[in-house]
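Enquirer: dropping a prediction and its sequence here:
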Amino acid sequence: MSLLTLKVKAEGYGIQFSLSHFSQGKEATEFLTGLKDSRLLHLGPVQINDRRMEILRLVNRSLYNLEYKWHITAPNRRHLGMLSVEPQSGEIVPTGKQTCHLTFIPTCKMALENCRVLLEVSVQGKD
């Protein structure tokens, strides 16, 4: 009988990031710190054809590159063209930061309700 010895190496990894919100000259607030967090963002009144821009900053606190992608959902498809996030997707290196702009430009009198801006984050190359 022969014995075979295997050396096993493994590495655990986690997705660690933060999302900060900067609004109209106010101090930044940490808006999101975990994968299951959600927050309500009030844009306030915006005049027709005017622009409201909010700054969202992602910080990669992981040891690996993170990929992110924004998704916008709305019960009324017409609202989708009035709300955007740029850049919509990208990659952030470890300890790196990415600034994104959430922009709302209403083209008619309306109330933006039940819209969701979802952030999908994954570790690049990890399945």
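Expert: Structure received.
Enquirer: could you check the pLDDT of the residue positioned nearest the centre of the chain?
Expert: What sits nearest the mean C-alpha location of the chain, by Cα atoms, centre = their mean, is residue 119, with 3.7 Å. Confidence at residue 119, expressed as pLDDT, is 89.
Enquirer: what residues are up against it?
Expert: Neighbouring residues of residue 119 by Cβ atoms under 8 Å, 6 or more residues apart in numbering: 19, 32, 58, 68-71. The C-beta positions use only the backbone N, C-alpha and C, and glycine is treated the same way.
Enquirer: with respect to pLDDT, which of those ranks lowest?
Expert: Among the contacts of residue 119, residue 32 carries the weakest pLDDT, at 60.
Enquirer: so what's residue 122 bridging to?
Expert: Under DSSP bridges, the beta-bridge partners of residue 122 are residue 67.
Enquirer: residue 14 is in contact with that one, correct?
Expert: No: assessed by Cβ atoms under 8 Å, residue 122 is found out of contact with residue 14, at 12.0 Å.
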